[in-house]
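A.B. asks: Below is the sequence, then the predicted model.
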Amino acid sequence: MSEIQPLEFLKKTKAQIDAHIFDFLPREHEHPEVHQFYEMMLDYPLRAGKGLRPAICLLICEAFGGNPRNALNTAAALELLQNWALIHDDIEDGSDLRRGEPCLHQKYGIPIAINVGDGLHCKMWEMLNQNADLLGYELAFTIASEFVQLSNSIVEGQHIELSWVDSNRWNLTEADYWTMCVRKTASYTCITPCRVGGLIAGASRLELDLFIDLGMNLGVAFQIQDDVLNLIGEERLYGKEIGGDISEGKRTLILIHLLSVCSQAEADRVIEIMSQQRAEKHPDEIQEVLDLMAHYESIQYAQQHAKRLAQKAYTQFNRTFSYLPATPAKGIFLDLIDFVIEREY
């Protein structure tokens with residue numbers, strides 16, 4: 001166990017990364033519309049968040065003997081990626097809330113929100129370009145290549161999930177859910193933050209590849225916990241509308257388990273409700289699905305699955321990187337694995 005608590009470290013890191021981003025993003029422009037655009041680009045970054053991805057990047061860099069200051073640009077780029085992806089994700093899902101406030105498209109409309117997301121996407125690459133002077137062109141290019149692979153993975157995973165909704169597909173397995181989560185969530189929540197942090201510290205190619213399996217387990221555990229919080233979390237802490245995944249027709253591990261264990265009549269009713277458009281779903285119907293999930297202990301099933309995956313990631317890191325010194329960074333990273341499945345937001 002580290003002497004520094006995970007939440008304390010996350011808050012400290014988030015403040016550091018936020019300051020780096022706010023110093024980087026443009027604030028003013030002589031053209032009033034462009035000035036307004038710059039203000040909108042600050043909206044999601046200014047909202048409260050965990051900052052888990054940049055924290056993982058900095059911790060792995062330090063755990064492998066690197067200087068975390070050299071990883072600041074890369075960690076900040078991960079946070080910018082998170083923000084532009086969320087803006088687009090919220091539009092595609094028709095979400096109402098993000099981090100306790102109306103989603104950007106609810107405030108300004110879909111076309112403007114898409115463009116703001118595009119703007120942050122551009123700034124992510126601009127931030128990564130600054131690595132050339134800090135780390136040298138070769139390493140900067142290698143890190144940028146990791147972001148290219150990451151970006152491809154995210155949109156592929158998002159397409160899988162959107163296609164399930166578009167085709168009204170319900171005959172999904174846990175393996176289907178795993179594939180989607182690895183590409184959409186684990187890639188940018190754990191795998192890439194670990195790899196780029198290790199790259200900056202000088203980790204070998206073999207060491208970097210060891211993060212793939214570990215990152216898949218931890219990243220999917222993170223997504224499962226997110227799915228759980230969406231159903232039973234406290235909206236004030238979680239920052240999104242509770243039950244939103246049911247409103248949006250999301251295919252989660254919880255739902256897949258429910259459909260596999262309930263009666264055929266119950267499954268038909270759940271699919272009937274879930275297949276409706278968000279605006280057509282009545283709160284009583286959402287509660288009906290929640291009651292069935294509770295009756296068949298589908299939420300508990302998902303929680304237990306997340307704990308097993310997190311424990312596997314914990315064991316993998318301890319065994320695989322046992323030769324790393326017992327530094328505070330290594331201890332905090334291990335503590336963060338527990339935080340992923342114990343968090344309330």
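C.D. replies: Noted; the coordinates are in hand.
A.B. asks: What is the burial count for residue 184?
C.D. replies: 23 (other CB atoms under 10 Å). Placement of C-beta: from N, CA and C, glycine included.
A.B. asks: can you pull the contacts of it?
C.D. replies: 153, 154, 156, 157, 158, 160, 161, 223 (CB atoms under 8 Å, 6 or more residues apart in numbering).
A.B. asks: mind listing which of those are in helices?
C.D. replies: Among these, DSSP state H puts 153, 154, 156, 157, 158, 160, 161, 223 in helices.
A.B. asks: Output the residues you listed in a markdown table, with neighbour count appended to each entry.
C.D. replies: Converted to a markdown table, the ones in helices among the contacts of residue 184 look like this (neighbours: other CB atoms under 10 Å):
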| residue | neighbour count |
| --- | --- |
| 153 | 19 |
| 154 | 20 |
| 156 | 14 |
| 157 | 20 |
| 158 | 19 |
| 160 | 17 |
| 161 | 19 |
| 223 | 23 |
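A.B. asks: okay, the residues you listed in CSV with pLDDT and distance to residue 133 next?
C.D. replies: What follows is the ones in helices among the contacts of residue 184, written out as CSV (pLDDT from 0 to 100; distance: CB to CB, whole Å):
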residue, pLDDT, distance to residue 133
153, 97, 28
154, 96, 27
156, 97, 32
157, 96, 33
158, 95, 33
160, 97, 38
161, 95, 38
223, 95, 36
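A.B. asks: Quickly name whichever of those is closest to residue 191.
C.D. replies: residue 153 (8.6 Å; CB to CB).
A.B. asks: Residue 249 versus the closest one, what's the distance?
C.D. replies: Residue 153 is 23 Å from residue 249, where distance means CB to CB, to the nearest Å.
A.B. asks: what do you get for residue 64?
C.D. replies: Residue 64 sits 42 Å away from residue 249, going by CB to CB.
A.B. asks: do residue 343 as well
C.D. replies: 25 Å.
A.B. asks: Low-confidence ranges, the stretch 1-150 of the chain, go.
C.D. replies: By pLDDT under 70, the weakly predicted segments of the stretch 1-150 of the chain are 1-3.
A.B. asks: Could you check which helix or strand contains residue 291?
C.D. replies: helix 283-295 (DSSP states H and E).
A.B. asks: C-alpha coordinates for stretch 7-27, PDB please?
C.D. replies: Extracted in PDB, the C-alpha atoms of stretch 7-27 (Å, rounded to 0.1, in the frame of the first residue of the first chain):
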ATOM      1  CA  LEU A   7      -8.000  10.000  -4.500                       C
ATOM      2  CA  GLU A   8      -5.400  12.400  -3.200                       C
ATOM      3  CA  PHE A   9      -3.000  11.500  -6.000                       C
ATOM      4  CA  LEU A  10      -5.700  11.800  -8.600                       C
ATOM      5  CA  LYS A  11      -6.800  15.200  -7.400                       C
ATOM      6  CA  LYS A  12      -3.200  16.400  -7.300                       C
ATOM      7  CA  THR A  13      -2.500  15.100 -10.800                       C
ATOM      8  CA  LYS A  14      -5.700  16.400 -12.200                       C
ATOM      9  CA  ALA A  15      -4.900  19.900 -11.000                       C
ATOM     10  CA  GLN A  16      -1.400  19.600 -12.600                       C
ATOM     11  CA  ILE A  17      -2.700  18.400 -15.900                       C
ATOM     12  CA  ASP A  18      -5.500  20.900 -15.900                       C
ATOM     13  CA  ALA A  19      -3.000  23.700 -15.400                       C
ATOM     14  CA  HIS A  20      -0.900  22.400 -18.300                       C
ATOM     15  CA  ILE A  21      -4.000  22.200 -20.600                       C
ATOM     16  CA  PHE A  22      -5.300  25.600 -19.600                       C
ATOM     17  CA  ASP A  23      -1.900  27.200 -20.300                       C
ATOM     18  CA  PHE A  24      -1.900  25.500 -23.700                       C
ATOM     19  CA  LEU A  25      -5.400  26.100 -25.000                       C
ATOM     20  CA  PRO A  26      -6.100  29.500 -26.600                       C
ATOM     21  CA  ARG A  27      -8.300  31.800 -24.500                       C
END
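A.B. asks: And for that stretch, what's in contact with it?
C.D. replies: For stretch 7-27, the surrounding residues in contact (CB under 8 Å, 6+ apart) are 2, 38, 41-42, 45-46, 49-52, 54-55, 58, 72-73, 75-76, 79-80, 123, 127, 332, 336, 339.
A.B. asks: what's the helix holding residue 291 packed up against?
C.D. replies: For helix 283-295, the packing partners by 3 or more CB pairs under 8 Å, 6 or more residues apart in numbering; DSSP states H and E come out as helix 244-247, helix 253-261, helix 264-274.
A.B. asks: From the chain's centroid, how far away is the helix or strand just after it?
C.D. replies: Going down the chain from helix 283-295, the next helix or strand is helix 298-320, by DSSP H and E. Helix 298-320 sits 17 Å away from the centroid of its parent chain (CA atoms, centre = their mean, to the nearest Å).
A.B. asks: Tell me the first helix or strand C-terminal of helix 298-320.
C.D. replies: Under the assignment DSSP H and E, the closest C-terminal helix or strand after helix 298-320 is helix 328-342.
A.B. asks: now the angle from that next one to helix 298-320?
C.D. replies: Here helix 328-342 points in a direction 160 degrees away from that of helix 298-320 (axes from the mean of the first three to the mean of the last three CA atoms, to 10 degrees).
A.B. asks: Helix 328-342: which residues count as buried?
C.D. replies: Under the neighbour-count criterion of 16 or more other CB atoms under 10 Å, helix 328-342 has 329, 330, 331, 332, 333, 334, 335, 336, 337, 339, 340, 341 buried.
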